[in-house]
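**Student:** What follows is a predicted structure for the sequence shown.
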Amino acid sequence: MSGLSGKVQTVLGLVDPSQLGRTLTHEHLTMNYDCCFCPVSPGEEAMTTAPMEMKNVHWIQQNPYSHRENLVLSQETEAVREELLAFKKAGGGTIVENTTTGIARNLPVLRQLAKETEVHIVAGAGYYLDVTHSADMRKMTVEKLTDVIVNEVLHGADGTDIRCGVIGEIGTSWPITDSEKKVLCAAAHAQTQLGCPVIIHPGRNSAAPKEIVRILQEAGGDVSKTVMSHIDRTIYDPTELLEFAKLGSYIEYDLFGVEMLNYAFNTSVDMPSDSQRVQALAYLIKEGYEDKLVIAHDVHTKNRLTKYGGHGYSHILKNIVPKMLSRGITQNQVDKILIDNPKKWLTFK
Ligand SMILES: CCC(=O)NCCS(=O)(=O)O
């Protein structure tokens, strides 16, 4: 294992795991989501460039991926700084920033935000979805990709000395592409060398998480130290959910705050409400998985910020925790989900 053993690596350096406090395991503070622009139905084209103002907010909330400006979170560093200060004031301690290569990771901005707000920020290594993979990167072998990821953790990424503390979010589509499979194998190999946490973005199909676990395990990865993101929009059937839970990864409900009727990336999906997310957590707790649950908002577009009428980064602490408690989840279980489980996951072996 590396010299990082027993520590958590933030953009400001190593910290003792006991310092983390309440942790959101899947957020973005600066990124660009142009790669996933969704065209609108005929007649609605003008809305894709409409100003981000009150009369358009509802349309943007329902069609977040079809509004050009909404996809550029990187323009909102000042608003994000304010939000992080509010998160800290609400009792938050740490944010895992999941932006990887392909969606405009900006480590100097993350370091600056961490310094200015005193929120611990853990940055992500590796690559996002196939659609963002460059021609050069596609030519790399698994060994070369492993070297790049290991280097991002041990020495710094994007030409900086700022080190990543987690591998991911590693992007996968459905079906998983060959290039994405190579990255998954590289993530598993890097994890074996480093003993570090991994986090995965599964494709939008209920079979995707299980297939990813299979690929990671075959490549020697440690699934017990891996978070499967976006379960909210991926596995609905309770039996399928339990089958997946048995495989041993962390299960992440990370779209808290998203309430939308039509989910443009997969129109066959009924996006759950926050109440249904809390019900899913309560169900998994009842089934014995309270040590494997983590939660977040996955803020990745402008409309999710309070500046634009969104819920911001404090919604879980301010609104979801009281709801969890009112639905029979105990304070001890809440603390596991927000403090103990993230701490265990983020600590290098
Ligand atoms: C970059 C942020 C991201 O991938 N978010 C997931 C969106 S969704 O696939 O759950 O809609």
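**Tutor:** Right, received. Where do you want to start?
**Student:** Around the ligand, pick out the residues from the chain.
**Tutor:** 28, 33, 103, 201, 230, 233, 255, 265, 298, 300 (Cβ under 6 Å from any ligand atom). For the C-beta atoms, the positions are set from N, CA and C on the backbone; glycine is no exception.
**Student:** Now list the buried members of those residues.
**Tutor:** Buried members of the residues of the chain next to the ligand, counted by 16 or more other Cβ atoms under 10 Å: 28, 33, 103, 201, 230, 233, 255, 298, 300.
**Student:** quick one, what contacts the fourth one?
**Tutor:** Same thing as His201. Counting by Cβ atoms under 8 Å, 6 or more residues apart in numbering, His201 touches 98, 128-129, 168-172, 229-230.
**Student:** try the last one
**Tutor:** By Cβ under 8 Å, 6+ apart, the contact list for His300 reads 28, 31, 33, 73.
**Student:** Which of these fall in strands?
**Tutor:** Taking DSSP state E, every one of those sits outside strands.
**Student:** now, the most widely separated pair of those?
**Tutor:** Maximum pairwise distance in the contacts of His300, criterion Cβ to Cβ, is 8.6 Å, between His28 and Tyr33.
**Student:** Need the overlap of contacts for the two.
**Tutor:** 73, 103, 300.
**Student:** Could you find the closest non-adjacent residue to the first one?
**Tutor:** Nearest non-adjacent residue to Leu73, counting by Cβ to Cβ, 6 or more residues apart in numbering: Met31, 5.1 Å away.
**Student:** Give me the below-cutoff pLDDT ranges for this protein.
**Tutor:** Low-confidence segments of the chain, defined by pLDDT under 70: 1-2.
**Student:** just the helices in it please.
**Tutor:** Taking DSSP state H to define them, one finds helices in the chain at 54-62, 77-89, 107-117, 135-138, 142-154, 178-194, 208-218, 238-245, 274-286, 315, 321-326, 331-335, 341-346.
**Student:** most tightly surrounded among these?
**Tutor:** Mean neighbour counts were compared across the helices of the chain using mean count of other Cβ atoms under 10 Å; the top stretch is helix 341-346, at a mean of 23.
**Student:** which strands and helices sit next to it?
**Tutor:** Using 3 or more Cβ pairs under 8 Å, 6 or more residues apart in numbering; DSSP states H and E, the elements in contact with helix 341-346 are strand 22-27, strand 92-97, strand 293-295.
**Student:** Take those strands and write them to a markdown table, including mean neighbour count.
**Tutor:** Listed next are the helices and strands packed on helix 341-346 as a markdown table, based on neighbours: other Cβ atoms under 10 Å:
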| stretch | mean neighbour count |
| --- | --- |
| strand 22-27 | 25 |
| strand 92-97 | 26 |
| strand 293-295 | 25 |
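**Student:** how about a markdown table for those strands, with distance to Thr192 added?
**Tutor:** Compiled in a markdown table, those are given as follows (distance: least, Cβ to Cβ, whole Å):
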| stretch | distance to Thr192 |
| --- | --- |
| strand 22-27 | 22 |
| strand 92-97 | 21 |
| strand 293-295 | 22 |
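**Student:** With respect to Asp335, which of these lies nearest?
**Tutor:** Proximity of the helices and strands packed on helix 341-346 to Asp335 was assessed by Cβ to Cβ; the nearest stretch is strand 22-27, lying at 8.5 Å.
**Student:** circling back to that earlier point, now, which of the shared contacts of His28 and Tyr33 sits nearest Gln217?
**Tutor:** Of all these, Ile103 has the smallest distance to Gln217: 26.7 Å, by Cβ to Cβ.
**Student:** Just list the residues touching that closest one, thanks.
**Tutor:** The contact partners of Ile103, taken as Cβ under 8 Å, 6+ apart, are 28, 31-33, 35, 128, 132.
**Student:** burial measure for the nearest residue to Glu180 once chain neighbours are set aside, as a count.
**Tutor:** Using Cβ to Cβ, 6+ apart and skipping the chain neighbours, the partner closest in space to Glu180 is Thr172 (4.7 Å). Using other Cβ atoms under 10 Å, Thr172 has 24 other residues around it.
**Student:** quick one, phi psi at Thr172?
**Tutor:** With angles defined as degrees, to the nearest 10, Thr172 sits at phi -130, psi 140.
**Student:** For the ligand, see how far away it is.
**Tutor:** 10 Å (Cβ to the nearest ligand atom, to the nearest Å).
**Student:** got the contact list for that residue?
**Tutor:** 129, 180, 184, 200-203, 208, 212.
**Student:** Likewise for Ala50?
**Tutor:** 56, 59, 67.
**Student:** State the phi and psi torsions of the closest residue to the ligand within the stretch 101-250 of the chain.
**Tutor:** Taking Cβ to the nearest ligand atom, the ligand has its nearest neighbour within the stretch 101-250 of the chain at His230, 4.2 Å off. Per-residue torsions, His230: phi 50, psi 30 (degrees, to the nearest 10).
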